Structures are given as C-alpha cells and as structure tokens.
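Student: using only what follows, build the 3D model:
(2 chains)
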Amino acid sequence: MGSTLEIPLHVKYIQSLGENKDDLVYHLTAHLRMNAVYWGLTALCVMNHKDALKRDEMIDFVMSCWDDEAGGFGASPDHDAHLLSTLSAIQILVMQDALDRIDIPRVAKYILSLQQPSGVFAGDAFGEIDTRFLYCAVNALSLLGYLHELDVEKTVGYIRRCRNFDGGFGAREGAESHAAQVWVCVAALAILDKLDEVDVETLGWWLAERQLPNGGLNGRPEKLEDVCYSHWVLSSMSILKKVHWINADKLIAFILSAQAPEHGGIADRPGNQPDVFHTLFGVAGLSLLGYPGLEDLDPIYCMPAHLIESKGLRKDWQALPRKTSL
Amino acid sequence: MHELVAKLGDLLNRAPASVELLPGDGSEWFTEDSPQEILHYAPFLFVEGNLGVPHKLAYKLYLQSVPTFQECRARLRLRRSVSLPDPDAEYPTLTDDTLASSAVLLLVNPAHQSALNARKRLVQLGTLDASHELRFVSALLTLRDGAKQSILWHHRRWLLRRLHPPLPASREDPHTAATGVSGPQGDGADSLGGLCLDEGWFRTEFGVVSQACEVYPRNYHAWTHRYLCAQALATLCTHPSTSQAQRAALTEVLREETARAREWIDRHVSDYSAMQYACRLRLLWGGLRSSPDVPGSHAAQPMDEASADGPLAEHAWALVKAYPAHESLWLYLRGALDIPALSGLPIGQSIYAHAQEYAERLLSEETARDDASSVSPTDGALVRNHAVRLLAWVLWKEKKVQLEGRFVRRVALLAGTPSKGITRVDLLDDTAHMS
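Tutor: Take a look at the predicted model:
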C-alpha cells in the first residue's frame, strides 16, 4: 500500500475506535480519550468526512468529562481536569459548533489560574510545567475569546528563555530542542503575534535537518523517522513559511507507506500498528503538502483552516498549494 | 477489591528495587519443588527485592483495578472538599484500596495521571509518607515505559518539595546575578530551586536519573530532570547560606557528574541528549566561576574541570574523527564550536579549520574510491551526509551563502549524492549537479 491516501478506509478505522468498550485497549487509553476524540474528529474534517462520527454523542462525551471542582475538562469521566484535555474539549466543541455548551468565563478562569510567576503554565493544580501547557493555554484562550486577559509579555518572556543555541525550543528552560516542543512554542508565538522571537534561519535549518534519506522526519538528531513529525516539523515550517525547505515528494511517499493496509489508519512508520494519533498527523502533513482531495489545515491550531479563518484567528502561514490530482 | 490486586498492590507499594513486566502468564517459574520464598509471592516473582509480573496477569488485574480506583478517587475528592466527621468509618480501607488499585494501574499504564494524583492526595492527607512514595516512584522508573513519563519525574519533584526545607530567602538569586540566566525560581511547584539539598541527595538523584537514561535511551524527561538537578546544585554552590564546607562538598558532586557525563558520551556516541547536556553543564560551571561568592573563583586554582579535561570542542572533535558516521557527534562539534565558552580559543579556531579540511577530505574523489572497498555503503552515505552539512554550516556561519530554499535543497541533494567528489564550490554553485 503506498501510492494513494485510502480515505474511506481511514474513515472506517476512526469510526471503529471506541466501539468495543470492554477492550483492554479502551481502558488503557482512557487517560487520553478526550485527546483521541479530538485527533479523530480533526482527521475526519481534513478528509472531509466530519459527519462520520455522531455529533450529539460526541458533545455528550465532552460534557461528561467536565470536572466541576476544577473548572476544566478531564480526559474521560472520572479523570482529573487538565489543560491537555481542556484544550481538546474546546477544540472539539468549536469544530462541532457547540461552544455555547460551556461556561466560558469559568473555563478561562481555570486556564489563567494555571500560569506560574515565570510565565509558563502548569498542566493542572498539581503544578507540572511544560511549554506544551503554555501552548494549550494560549490556543484555548484564543478560541474562547479571552486572549486579552493573558499577560503576553510574561508568557512570551518564558518562551524566549526556552530558546536553545540551535534555534530550537524545549519543554522548559534548559531542555533539549525537540520538534514537538518547537511546534508548541512557535505556534504559541504565532497566536501572540510574536514570531520575531524566533531565529527563523537557525530554527529553519534545524527543522530541515529532521528529514531523513527515506523521506520521513524525526523529532531530534539521530532518532528514527515517525509520521507524527510530519505534523510537528511541517507545521512549524509552515508557520515560518519554510515548507519548501522539505522534500515534499519524499515525505508524501513516506506518509502514504505508513498506512495500514487492511483496517485503515496510519502508523508511526511502515509496517507498524496504526493509531488515531498518527492517523491525524499523517493526514495533517499531507494536507500541508498540498495532497489533493484534502481540506486545508491551520498549522497553528491544528484545526480546519476555514473554521479558524471564520473566527478571525488566521495568521500569516504558508502551506504548499493544493494539487488537483496526483 | 480482588485478592490478587491487593497482593500485587502490596508488593508494588513496598517499593521494590526494580519492577518488570514478564512475557506470558508466569506458570513456568513455579513448580512443586520451588522454594517457599518463591512460592510465597506466586503468581508474582519477587526475588531479592526485584518484582516480576506476568504481563497477561497484569492486564487482567488492571481491568479489575479500574472500578476500585474509580470509587476511591471519588471518595478522596469528597474528603478534600467536605470535612466529614470520621472519614475512615465510611470507607475504612480507602487508603489501602487507593494505594493498591493506583499502583496496579500505574504498573501497566505509568501515564495514568489521575492514579498518580490520587496518591498525591494521600500524601496531602498525611496517610502516605512522602519519602516512601519517592521510593515507589523510583521503582516505577525502572520500567521502560515508566522511565520516559514526564508525570513521574514531576511527581518526584513534587514530593521533594514537601520533604526538603526551603533555603533561607535571599533578596536576589545569586545565580541569576552571576550568569544572567534566570534561576529556577518562578516555576512554581515544579522545580528544585530554593530547596536545601545535600550532596548525598544529589548523588542518589543523579544515580536514579542516570539509570532511567540507560533504560530508555534519549529519555527526554529524564535528561530534563537531570539538568534541573544540576542547575539546583550550581545554585546551591553559590547561595549565601551555603557554608564553605558545603560548597566544597557540592562542587565535588558537580565535578563527578560532569566527568560522568563525559564518560557517558564516550560510551553512547549516538546520544545527542547527553552531548547537549554536557554543553549545558559546562555553561553552569561558567556561572560558578564568575560568582564572587565562590571560593577559588578568582584564585589560582580554577573551579571548573575545564582545565583538567580540555574544552568540549576537543572532546567532540576526537569523537567525530573516531566515529564519523554519527550525526550526533558532528552536531556536538558544531554546538561546541558555536559557543565561545565551549570552544576554548584558540583551540576552537584550530579545530574549526581542521574540521573543514577533514570534511573536504571525506568528500574527495580519493576517499570515494577507497571507501568503495572498506566502509559499508550505509556508513559511507552517512559520513558524506554529515560532512556536506558541516561545510554548508561553515558557509552559512561565514555569511558566504544565503540560507534560502535553493541552498537548503542543494545541500540535501549533495548530502545524498553517492560516491563523487564534492567541494565547497559545489555547495555554492547553483548549476552544478542539478540534473
């Protein structure tokens, strides 16, 4: 399997997830279910099959994860509130046009309460910090229309301190540059209109070096290629307007070769088991590379571009032009 | 709660020296003739403090633990927000059930945040001892899947903040003043800054994190935690409340860790995480050297180990020549040459020149011919890739080339070109090799 994107197969794959609620896998993934629903829905949107999952059921699931004590959302019912699941919940509701179901001021308050004196955000009340959570906060506040309550200088100041000598960013100060952490920092800066904090050349070079001879991208030097970096790296380059620094044909071929032939879905690399995470990031990468038949994806929000644009949140990023055929 | 969940939970909560999920169902380890010490723990294997759990059984017990944990979590949350007259009478085994079910959940799924949170709540309520919980975390960190979980490393830091007294408040963080790099303060609960830790603690912690870096190579969150420890150590070395004797002891630990990082790189030539860590350690030393509070910083005996082992650029250069197929080493070299504190002028300048000559030699026609017989095609391709990229990097640093799409694509093309002579000129030349 490798020369075309098997959309109907991947749609069926996403629909099949969560069907067997007694499955061990279902229980082992409860701690990230909200994220998984967001990944599945976004992938469907990019493949233009948004209605393949039932809207009402999905909204009910999201609301069942509301943690009233905290004022945020957990990953499953009976899981503690966290910024990661709160962002995914908000993104799902925006994509389902159901944001009015939540107490927006309350959620905004929860998010803002997690900012630390240094400018970074904690993931929850227990305090783990990571630039991922900073991105979750900035993205969520912007979707909720509460970005004006954020201390931008403090937030940007923290990202600035995470900038490494190779132009990349880590999870916190002193942490190694990592493509996923690069994306969250660059995307957060883009939302805050502070991309001038990025050393575009140095970082662009570092990102371009993630491409391996087989066309796949890795997340750090001397690590294996992985389809999810088709999103973290490519989205970052799209925000920096450097997508043309990557060999698009080779990357497209790599992503397509990671499709699972029988049951659909995309894996981290060819021959491995698929999962919804890599399915989303594979189609996200293909969309940014102009693959025909896909919807445009906003690389800053990792959500449908038209939706972000309709909310007046679109920034100046660049993807490859969409081909009309292969 | 199911009997086996309780039994496994109990073993896990003893904080074994190591934990492992074993293939199959474990039936082959036990016979009628097995010694009593072994049979006592069946169906689990518990030998000299090392726990082995058959993975099929672990999954079954996971599913059994889910509803128990759900109940415990709900009740714990009630206990925090409503003061019940005698909470234990309502659910006398709440603590035990929480400990057992959460432990089993975390064994199979070390990313289960809510399970870890419940244990934090027990610590807050005073029914779980923080230092014992630290040993439990150490046990989970011996699991390959556990070692890479950011939530476990945070859990450690969270516990440490409860166990160790804060440093006396100082008006200004001396580390910040000395280095201009912001200190670890301001990151809220998730830092080791401002804690009074001793050299024994640092040695133990570097041991735990070192093992985790071994168990799971390029372990991102372990290396991050390691740096936080080193940063806390450096801060303590220059803190006004630290005695002279303490400073000497702490500095010795930093010296050991720096030496250990270097040896690690020698044994793990693909481990870029270690290399960038070594660079950061060197920069921390720089901060110590310039601090006025540190004894010997302006005396004849220099504080840092740089004089003993030479600049990092030298270390990187020696390794590149020995193992040129490893991208990490070339990046280590580039990083070390890029930062004045790490390159050690004029040695750095000399290495910079030699590295270019070396790269050009690797890309020459003669080498291509020789390589055809001696070096594996894969290695040959890798070496050429790294050599091309070094030359490209040099050209960019010297502003001889504009970093734009055409150049980047040309570099990628030439880096992937099989045996053929390549020079700096080819990198600059727009038209050559573009067929």
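
Student: can you pull the contacts of residue 264?
Tutor: You didn't pick a chain, so chain A it is. With contact set as C-beta atoms under 8 Å, 6 or more residues apart in numbering or on different chains, A:Gly264 has these partners: A:6, A:9-13, A:274. C-beta coordinates here come from the backbone N, C-alpha and C atoms, glycine included.

Student: actually chain B
Tutor: Applying C-beta under 8 Å, 6+ apart, the residues near B:Trp264 are B:210, B:213, B:271, B:274.

Student: recalculate using a threshold of 7 Å.
Tutor: Counting by C-beta atoms under 7 Å, 6 or more residues apart in numbering or on different chains, B:Trp264 touches B:Ala274.

Student: ok, now how distant is it from B:Ser273?
Tutor: Distance, B:Trp264 to B:Ser273, by C-beta to C-beta, to the nearest Å: 10 Å.

Student: repeat that for A:Asn48.
Tutor: 40 Å.

Student: which of those two has more neighbours?
Tutor: B:Ser273 (27 against 14; other C-beta atoms under 10 Å in any protein chain shown).

Student: check that one and give its pLDDT.
Tutor: As predicted, B:Ser273 sits at a pLDDT of 97.

Student: run through the residues that contact the nearest residue to it once chain neighbours are set aside.
Tutor: Leaving aside its sequence neighbours, B:Ser273 sits nearest to B:Trp223 (C-beta to C-beta, 6 or more residues apart in numbering or on different chains; 4.5 Å). B:Trp223 makes contact with A:176, B:213, B:273, B:277, according to C-beta under 7 Å, 6+ apart.

Student: would you mind listing what in chain A touches chain B?
Tutor: Where chain A comes near chain B, counting by C-beta under 7 Å from any C-beta of the partner chain, the residues are A:24, A:27-28, A:31, A:69, A:78-80, A:82, A:116-118, A:120, A:122, A:126-130, A:161, A:165-166, A:171-176, A:178, A:201, A:205, A:208, A:213, A:220-223, A:244-245, A:247.

Student: 6 Å - rerun?
Tutor: Contacts of chain A with chain B, taken as C-beta under 6 Å from any C-beta of the partner chain, map to A:24, A:27-28, A:31, A:78-80, A:116-118, A:126-129, A:161, A:171, A:174-176, A:201, A:208, A:213, A:221-222, A:244-245.

Student: from the residues you listed, which would you call buried?
Tutor: For these, a burial check counting by 16 or more other C-beta atoms under 10 Å in any protein chain shown picks out A:27-28, A:31, A:78-80, A:116, A:118, A:126-129, A:161, A:171, A:174-176, A:208, A:221-222, A:244-245.

Student: put the alpha carbons of the lowest-mean-pLDDT helix or strand in chain A into PDB.
Tutor: One helix or strand of chain A scores below all others by mean pLDDT, DSSP states H and E: helix A:24-28, with a mean of 92. Presented in PDB, the C-alpha positions along helix A:24-28 are these (Å, rounded to 0.1, in the frame of the first residue of the first chain):
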ATOM      1  CA  LEU A  24      -8.300  -3.700  27.300                       C
ATOM      2  CA  VAL A  25      -7.000  -1.000  24.900                       C
ATOM      3  CA  TYR A  26     -10.100   1.100  25.500                       C
ATOM      4  CA  HIS A  27      -9.300   1.100  29.300                       C
ATOM      5  CA  LEU A  28      -5.600   1.600  28.700                       C
END
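
Student: ok, residues contacting it?
Tutor: Residues from elsewhere that reach helix A:24-28 (C-beta atoms under 6 Å, 6 or more residues apart in numbering or on different chains): B:59, B:66, B:109.

Student: which helix or strand contains the first one?
Tutor: Read that as B:Tyr59. helix B:55-81 (DSSP states H and E).

Student: which other helices and strands contact that helix?
Tutor: Under the contact criterion of 3 or more C-beta pairs under 6 Å, 6 or more residues apart in numbering or on different chains; DSSP states H and E, helix B:55-81 touches helix B:3-13, helix B:94-108, helix B:113-125.

Student: ok so, going back, how distant is the least confident helix or strand of chain A from the center of its chain?
Tutor: A distance of 23 Å separates the centroid of the chain from that of helix A:24-28, by C-alpha atoms, centre = their mean, to the nearest Å.

Student: so after that helix, what's the next helix or strand?
Tutor: Immediately after helix A:24-28, counting by DSSP H and E, sits helix A:33-46.

Student: buried residues in the helix or strand following that following helix?
Tutor: Sequence order places helix A:55-64 as the next helix or strand after helix A:33-46, per DSSP H and E. Using 16+ other C-beta under 10 Å as the test for burial, helix A:55-64 gives A:58-59, A:61-62.

Student: now swap in stretch B:57-73 and tell me
Tutor: B:57-58, B:60-66, B:68-69, B:71-73.

Student: TSV for those residues, including pLDDT?
Tutor: TSV is the format used below for these (pLDDT from 0 to 100):
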residue	pLDDT
B:Leu57	95
B:Ala58	96
B:Lys60	95
B:Leu61	97
B:Tyr62	97
B:Leu63	96
B:Gln64	96
B:Ser65	97
B:Val66	96
B:Thr68	97
B:Phe69	97
B:Glu71	95
B:Cys72	95
B:Arg73	95
